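Asks: give the three-dimensional model of this entry:
(one chain, ligands or ions: 2)
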Amino acid sequence: MTSDLPPLPPIAVRRLDPDLPLPTRAHPGDAGVDLCSAIDLELPAGRRQLVGTGIAIALPHGTVGLIHPRSGLAARAGLSIVNTPGTIDAGYRGEIKVCLINLDPEQSITISRGDRIAQLIVQRVELPEFVEVDELDETSRGEGGYGSSGGHAILG
Ligand SMILES: O=c1ccn([C@H]2C[C@H](O)[C@@H](COP(=O)(O)OP(=O)(O)OP(=O)(O)O)O2)c(=O)[nH]1
Ligand SMILES: [Mg+2]
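Replies: Ligands and ions are numbered 1, 2, ... in the order given. This is a model prediction of the structure:
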């Protein structure tokens with residue numbers, strides 16, 4: 001996809017924990033910058049915990065930060081994020097926190113301070129107004145939702 005929009009300016013980052021690294025891309029062109037855990041923690045099977053990343057950012061108006069899990073940790077250990085993708089509003093200036101969850105049914109996950117636990121993706125976002133109407137326009141889908149088009153797996 002090409003875009004005539006100019007690239008976003010660099011995003012200001014405050015390190016609330018000066019010993020943790022700045023968010024970085026593992027490779028040039030990667031969509032996400034990795035975020036680190038500010039604490040050591042052990043997450044038992046099935047448990048969740050809100051974990052600080054030690055950074056705060058100033059996203060430009062008209063963008064959003066999305067907090068996604070890291071695929072490797074998800075596949076290897078079952079580590080995910082409860083509210084994935086987490087939404088970082090452009091006006092938010094507090095510490096970015098990640099609501100980690102251990103989806104493995106048996107094994108705990110041990111995380112050390114400085115481990116990369118999630119990734120932040122910055123996207124442009126539309127900010128439309130909403131207007132109340134009496135009727136919506138007709139479409140072929142209409143009110144059909146939640147599997148109305150078929151093709152879903154059989155339960156049990
Ligand atoms: O993974 C996340 C998700 C959110 N936030 C912060 C930034 C975001 O701008 C704020 C609010 O998030 P959200 O709108 O998803 O939560 P809410 O429950 O609707 O809270 P609020 O009433 O503050 O909007 O919390 C994080 O640090 N990490
Ligand atoms: Mg909200």
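
Asks: this structure: strands as residue ranges?
Replies: Secondary structure of the chain by DSSP state E: the strands cover 12-15, 33-36, 41-43, 48-52, 55-58, 63-68, 79-81, 86-88, 97-102, 109-111, 116-124.

Asks: now the ones you listed as JSON lines including mean neighbour count?
Replies: In short, each C-beta sits where N, CA and C put it, glycine included. Output for the strands of the chain, formatted as JSON lines (neighbours: other CB atoms under 10 Å):
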{"stretch": "strand 12-15", "mean neighbour count": "13"}
{"stretch": "strand 33-36", "mean neighbour count": "22"}
{"stretch": "strand 41-43", "mean neighbour count": "17"}
{"stretch": "strand 48-52", "mean neighbour count": "16"}
{"stretch": "strand 55-58", "mean neighbour count": "18"}
{"stretch": "strand 63-68", "mean neighbour count": "19"}
{"stretch": "strand 79-81", "mean neighbour count": "20"}
{"stretch": "strand 86-88", "mean neighbour count": "17"}
{"stretch": "strand 97-102", "mean neighbour count": "21"}
{"stretch": "strand 109-111", "mean neighbour count": "18"}
{"stretch": "strand 116-124", "mean neighbour count": "19"}
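
Asks: ligand 1: which of those is closest?
Replies: Ligand 1 sits nearest to strand 86-88 of all the strands of the chain, at 2.1 Å, using CB to the nearest ligand atom.

Asks: any bit of the closest one sitting next to ligand 1?
Replies: Yes - using CB under 6 Å from any ligand atom, strand 86-88 reaches ligand 1 at 86-88.

Asks: select the helix or strand of this protein having the lowest average pLDDT value.
Replies: Every helix and strand in the chain was compared by mean pLDDT, DSSP states H and E; the lowest is helix 71-77, with a mean of 95.

Asks: only alpha carbons, please: show it as CSV.
Replies: In CSV, the C-alpha atoms belonging to helix 71-77 read as follows (Å, rounded to 0.1, in the frame of the first residue of the first chain):
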residue,chain,number,x,y,z
SER,A,71,4.3,-14.3,18.7
GLY,A,72,7.3,-16.2,19.9
LEU,A,73,6.3,-16.0,23.5
ALA,A,74,2.7,-16.8,22.7
ALA,A,75,3.7,-20.0,20.8
ARG,A,76,6.5,-21.1,23.2
ALA,A,77,5.0,-20.3,26.5
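
Asks: how about a markdown table for the residues of strand 86-88 next to ligand 1, with pLDDT and distance to residue 27 added?
Replies: As requested, the residues of strand 86-88 next to ligand 1 are exported to a markdown table (pLDDT from 0 to 100; distance: CB to CB, whole Å):
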| residue | pLDDT | distance to residue 27 |
| --- | --- | --- |
| 86 | 98 | 23 |
| 87 | 98 | 25 |
| 88 | 98 | 22 |
